[in-house]
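> Let me see the structure of the following:
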Amino acid sequence: MEVHFLDQFDYTFTADDVMDQLGMPRDHVFRKTVEKAIAAAEDIAKPKAFFMEAEIEDRTENTITVAGQTFHSKVLAENLKDQDVIFPFLCTCGMELVDYCDRLTDIMDQYAFDCVMEFYLRKASVALTGELANMENGRQTSSVNPGSLVDWPIEEQKELFALFGENAHQIGVKLSDSCIMNPMKSVSGLRYFTEEEFHNCQLCQRENCPTREAEFDLTLFT
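Residues are numbered from 1 along each chain as shown. A predicted model of the protein is given here:
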């Protein structure tokens, strides 16, 4: 499988961006803490990502198999029924930021830096989706992620990381026995080209999620 690594991309953002995401007024006193976190991160941040081009080898109504790894999800199988090629991917804020955050002792500094790490992860994700779009003249992609849906359990991170092989290690991401990624500000999954955009959020009933990208769609449960 061909692998595409990304570590040189625009990952700039401002304190305004962070305050807006937090739902705080831009002139809130917490802004100074955010600005300090951004300044500290700028010197050490190395967000990274990669994606692989992989063919679907086999499929059923409830599974797909890629490079010998079988994933069990009715939604996944349905979404990929017309796809021959998919893109397993992994994005991370980078261990460099985690190591710095672990040395912070003030709880507000820790919280601000955690928010900053989230933005670096988002920038890596944007860079990855942009690179995929460039491959197909701007076509959009959708993604599905193990653990984001009841239909695709987080335990299948193990199969996904088996598919990644040494590529995950190369960008500094490890998977624990309980299927939690380190750095925690990482995201993994499968992307695919689509005419109709799909978000995991469409199958999530958590109404007040701050990162919701789409409304819950009851019809997808049928």
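> which stretches of this protein form strands?
2-6, 48-59, 63-66, 69-72, 85-92, 141-144, 174-175, 181-182, 186-193 (DSSP state E).
> would a markdown table of these with distance to residue 127 be doable?
(Each C-beta comes from the backbone N, C-alpha and C, glycine too.) As requested, the strands of the chain are arranged in a markdown table below (distance: least, C-beta to C-beta, whole Å):
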| stretch | distance to residue 127 |
| --- | --- |
| strand 2-6 | 5 |
| strand 48-59 | 6 |
| strand 63-66 | 23 |
| strand 69-72 | 25 |
| strand 85-92 | 8 |
| strand 141-144 | 13 |
| strand 174-175 | 22 |
| strand 181-182 | 18 |
| strand 186-193 | 13 |
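> do you know which of those lies nearest residue 23?
Each of these has some distance to residue 23 by C-beta to C-beta; the shortest is strand 186-193, at 21.9 Å.
> hey, C-alpha coordinates of the closest one in PDB?
Extracted C-alpha coordinates of strand 186-193, given in PDB (Å, rounded to 0.1, in the frame of the first residue of the first chain):
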ATOM      1  CA  SER A 186      -5.000  11.900  17.800                       C
ATOM      2  CA  VAL A 187      -7.700  10.600  15.400                       C
ATOM      3  CA  SER A 188      -7.700   7.400  13.300                       C
ATOM      4  CA  GLY A 189     -10.200   6.000  10.900                       C
ATOM      5  CA  LEU A 190     -11.000   5.300   7.300                       C
ATOM      6  CA  ARG A 191     -11.700   8.000   4.700                       C
ATOM      7  CA  TYR A 192     -13.300   7.600   1.300                       C
ATOM      8  CA  PHE A 193     -14.400   9.700  -1.600                       C
END
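> helices or strands up against that strand?
Based on contacts counted as 3 or more C-beta pairs under 8 Å, 6 or more residues apart in numbering; DSSP states H and E, the elements that strand 186-193 packs against are strand 85-92, helix 107-135, strand 141-144, helix 157-164.
> And these, which one averages the lowest pLDDT?
Least confidently modelled of the helices and strands packed on strand 186-193 is strand 141-144, at a mean of 90 by mean pLDDT.
> In its sheet, which strands sit next to it, and in what direction?
For strand 141-144, the paired strands and their directions (DSSP bridges) are strand 186-193 (antiparallel).
> What angle do helix 107-135 and the partner strand make with each other?
For strand 186-193 against helix 107-135, the angle by axes from the mean of the first three to the mean of the last three C-alpha atoms, to 10 degrees is 20 degrees.
> Does residue 61 touch residue 74 like I think?
Yes: in this structure residue 61 lies within contact range of residue 74 using C-beta atoms under 8 Å: 6.7 Å.
> ok, these two, which is more surrounded?
Between residue 61 and residue 74, counted using other C-beta atoms under 10 Å, the more crowded position is residue 74 (16 against 8).
> what residues are up against the more buried one?
Contacts were defined as C-beta atoms under 8 Å, 6 or more residues apart in numbering; by that measure residue 74 touches 61, 62, 151.
> could those residues go into TSV alongside distance to residue 172?
Below are the contacts of residue 74 laid out as TSV (distance: C-beta to C-beta, whole Å):
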residue	distance to residue 172
61	37
62	33
151	29
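> for the residue nearest the centre of the chain, which residues make a bridge with it?
For the chain, the residue whose C-alpha lies nearest the mean C-alpha position (C-alpha atoms, centre = their mean) is residue 187; its distance is 2.9 Å. Residues found in beta-bridge contact with residue 187 (criterion: DSSP bridges) are residue 91.
> Much appreciated, bye for now.
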